[in-house]
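[1] could you work out the structure for the sequence below:
(4 chains)
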2 protein chains.
Amino acid sequence: MTPGGPAISRAARPRPVPSQATGLNARDRAYHDLRYRILTGRLAPGTTLLETELAALLGLSRTPVREAAIRLAEEGLVSIRPRHGVTVVDLTLVDFRDILDVFSALEVRAVALAASRPVEPAAREALVQLVQKMERATAEGDIARWSDLDDDFHSTLVGLCGNPRLQRTIGEYWGLQYRGRRLILTHRPLPTASDTEHRVILDAVLSGDVAAAHAGHLAHRARADRVQLALLHRVLSPAEPPVLPILPSDKELT
Amino acid sequence: MTPGGPAISRAARPRPVPSQATGLNARDRAYHDLRYRILTGRLAPGTTLLETELAALLGLSRTPVREAAIRLAEEGLVSIRPRHGVTVVDLTLVDFRDILDVFSALEVRAVALAASRPVEPAAREALVQLVQKMERATAEGDIARWSDLDDDFHSTLVGLCGNPRLQRTIGEYWGLQYRGRRLILTHRPLPTASDTEHRVILDAVLSGDVAAAHAGHLAHRARADRVQLALLHRVLSPAEPPVLPILPSDKELT
DNA sequence: CCCCTCGCTCATGTATACATTACGAGAGGC
DNA sequence: GCCTCTCGTAATGTATACATGAGCGAGGGG
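    Model (predicted):
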């Protein structure tokens, strides 16, 4: 692991935050704590809290909580309405489409960059392991585990791109799309296509084939996004007709 | 102009901020004021100020200034070192490469999206006008004016993409690359290639040819970024050998 | 019965107060 | 002369105080 590099996107992941992790100042604690609660659904979309209530919830004064809320608002996870408090943003299907669009564009770029650089043996090994574990999870039908591994695979890949700003921005969009992933977790089909595509992408990255990595990941993301949006459509608006002018057509931008 | 849409990236532009624009709260004033000063060079890279000094400079108390500084730090324009104050980030050539890489990836996506949607007559007209004005500026050798128009052209195009989050993130990266553009302003050759490419891109967007818009803008950005980085190399490290392993090779990712 | 206005409350935005602790200077030792 | 340890200062991080003005309800008018 390159020090300082992958740490950004990793630190943005919600899992390793046990809420009272010390060593941070109150503002960062508030930020991570709230982000964790939002991403994991402990703070449901639509929930509204006043700054005072947030401060009481976290056992802090308004100042650090307020600064954390501002940060979350800029990230797009909450919205602050001056007299109405801080509301956890409830993302629509269109929002998810927009988010995935940006996220994918950035990730494709990151993977192409990763392919253009040498990959350290440790990272190679980790990626290979991840792909194998995912295939095993698929075989066992353990979608939740597969999804976590998939997150790891993608963020590890992105961590190799060598562009810290790109990593940071991807981390932000990762947080935005994360709740969508969780929403459809129980509705996913077996991700055999993803597993196949992952192998292709990994081979391209490890062999330094930039064009193949770019094309492979672009195709992977385009397909995976279409699937995810279709499933989200079912979850978010089950009553509506299945017509989806929202979804990008199959061949565009290849 | 779609209300709320292009306003984001436009509002992020530095020009229309006369520093004492009222109607905003102190935090936003501090943010816009500082951002304006940084982008235009009034606050030079490397400048360090304590929170107290910033507050005095802007005639505000520490609280809103601090919140603005945090926002600028997240954007990457300043760095906050706990006991040392707020420092205007001095970007290196590598930073500019990284920034342009993200910026271009996002802009290419935005232009492709713009091509996939109908363009209102007013916007069509505005874009055509801009291209013509740029060609005139090129003919007259007025590079500064051309550069401003180029900014307008690109941001207008991005404003058509219909993805507000994409626009917002592009606006952030626009701010990061802006100082680089200014640095090389006096060193630019006549932008005849850009003018040609702009026509191609505009035609593709107006006719709804997504693939052509994508390819055209990708090529445009790749070439323009190479030129910009080469010029930045001269300006930032004039003594060093002209070897640039940093620059992307000509054909990658096409 | 509905709408409009007036007034009050209280959430926020900003200012200020206070405690902590990192940094640097200075002295002392090697 | 150089390195180290200690101590004081002061910048920040956090808490609190305070003024403003927006939103909501009550009451009155149509």
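[2] going forward, measure contacts and count neighbours with C-alpha atoms only.
    OK.
[3] so A:Leu106 touches B:Leu106, yeah?
    Yes: the criterion here is CA atoms under 8 Å, and A:Leu106 meets it with B:Leu106 at 7.2 Å.
[4] and the residue in the stretch 51-200 of chain A positioned nearest to DNA strand C, what are its bridge partners?
    Going by CA to the nearest atom of the strand, DNA strand C is nearest to A:Gly85 of the stretch 51-200 of chain A, at 3.3 Å. On the basis of DSSP bridges, A:Gly85 is bridged to A:Arg81.
[5] list the contacts of it.
    A:Thr48, A:Leu49, A:Leu50, A:Glu51 (CA atoms under 8 Å, 6 or more residues apart in numbering or on different chains).
[6] quick one: which of those residues is nearest A:Arg165?
    A:Glu51 (30.5 Å; CA to CA).
[7] ok, now which ones touch the closest one?
    Taking CA under 8 Å, 6+ apart as the test, what A:Glu51 contacts is A:Arg62, A:Val65, A:Arg66, A:Gly85, A:Val86.
[8] give me the distance between it and B:Ile70.
    18 Å (CA to CA, to the nearest Å).
[9] same thing with A:Thr138?
    43 Å.
[10] from B:His32, how far out is the residue in chain A sticking out farthest from the centre?
    Using CA atoms, centre = their mean, the residue of chain A lying farthest from its centre is A:Arg83. It sits 31.0 Å away. Using CA to CA, one obtains 23 Å as the distance from A:Arg83 to B:His32.
[11] what residues are up against A:Asn163?
    With CA under 8 Å, 6+ apart, A:Asn163 has these contacts: A:Ala110, B:Asp98.
[12] what does the stretch 51-200 of chain A have sitting close to DNA strand D?
    Counting by CA under 7 Å from any atom of the strand, the stretch 51-200 of chain A comes close to DNA strand D at A:Gly59, A:Leu60, A:Ser61, A:Arg62, A:Thr63, A:Pro64, A:Arg83, A:His84.
[13] make a PyMOL selection of whichever of the residues you listed turn out to be buried.
    Here is the PyMOL selection string for the buried members of those, based on 16 or more other CA atoms under 10 Å in any protein chain shown:
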select buried, chain A and resi 60+62+63+64
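[14] take the residues of the stretch 51-200 of chain A next to DNA strand D and write them to JSON lines, including pLDDT.
    Shown next, in JSON lines, are those (pLDDT from 0 to 100):
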{"residue": "A:Gly59", "pLDDT": "95"}
{"residue": "A:Leu60", "pLDDT": "95"}
{"residue": "A:Ser61", "pLDDT": "96"}
{"residue": "A:Arg62", "pLDDT": "96"}
{"residue": "A:Thr63", "pLDDT": "97"}
{"residue": "A:Pro64", "pLDDT": "97"}
{"residue": "A:Arg83", "pLDDT": "92"}
{"residue": "A:His84", "pLDDT": "94"}
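[15] list just the nearest of the residues of the stretch 51-200 of chain A next to DNA strand D to A:Arg27.
    Nearest member of these to A:Arg27, counting by CA to CA, is A:Pro64, at 4.4 Å.
[16] so how far is DNA strand D from A:Leu157?
    32 Å (CA to the nearest atom of the strand, to the nearest Å).
[17] same question for A:Glu120.
    Taken as CA to the nearest atom of the strand, the span from A:Glu120 to DNA strand D is 35 Å.
[18] tell me the pLDDT of that residue.
    Listed pLDDT for A:Glu120 reads 95.
[19] state the mean pLDDT of stretch A:130-139.
    97.
[20] OK, contacts around the spatially closest residue to A:Arg145 that is not a sequence neighbour?
    Nearest residue to A:Arg145, sequence neighbours excluded (CA to CA, 6 or more residues apart in numbering or on different chains): A:Ala137, at 6.5 Å. Contacts for A:Ala137 (CA under 8 Å, 6+ apart) come out as A:Ile143, A:Arg145, A:Trp146.
[21] residues in contact with the last one?
    Residues in contact with A:Trp146 (CA under 8 Å, 6+ apart) are A:Lys133, A:Met134, A:Ala137, A:Thr138.
[22] looking at the residues you listed, which is nearest chain B?
    Nearest to chain B among these: A:Met134, at 28.4 Å, using CA to the nearest CA.
[23] do I have it right that the closest one meets A:Asp152?
    No: under the criterion of CA under 8 Å, A:Met134 is not in contact with A:Asp152, lying 10.2 Å apart.
[24] neighbour count: those two, which is higher?
    A:Met134 (26 against 18; other CA atoms under 10 Å in any protein chain shown).
[25] buried residues of whatever helix or strand that one lives in, list them for me.
    Element membership for A:Met134 (DSSP states H and E) is helix A:121-140. Residues of helix A:121-140 classed as buried: A:Ala123, A:Arg124, A:Leu127, A:Val128, A:Leu130, A:Val131, A:Lys133, A:Met134, A:Glu135, A:Ala137, A:Thr138 (neighbour count, 16+ other CA under 10 Å).
[26] and those as a markdown table, adding distance to B:Glu197?
    Shown next, in a markdown table, are the buried residues of helix A:121-140 (distance: CA to CA, whole Å):
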| residue | distance to B:Glu197 |
| --- | --- |
| A:Ala123 | 40 |
| A:Arg124 | 40 |
| A:Leu127 | 40 |
| A:Val128 | 42 |
| A:Leu130 | 43 |
| A:Val131 | 42 |
| A:Lys133 | 47 |
| A:Met134 | 44 |
| A:Glu135 | 45 |
| A:Ala137 | 48 |
| A:Thr138 | 47 |
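[27] identify the farthest-apart pair in those.
    A:Ala123 and A:Thr138 (22.3 Å).
[28] can you pull out the strands in the stretch 1-150 of chain A?
    A:48-49, A:78-81, A:85-88 (DSSP state E, counting those that start in this stretch).
[29] turn those strands into JSON lines, columns for mean pLDDT and distance to A:Thr169.
    Formatted as JSON lines, those follow (pLDDT from 0 to 100; distance: least, CA to CA, whole Å):
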{"stretch": "strand A:48-49", "mean pLDDT": "97", "distance to A:Thr169": "26"}
{"stretch": "strand A:78-81", "mean pLDDT": "97", "distance to A:Thr169": "17"}
{"stretch": "strand A:85-88", "mean pLDDT": "97", "distance to A:Thr169": "20"}
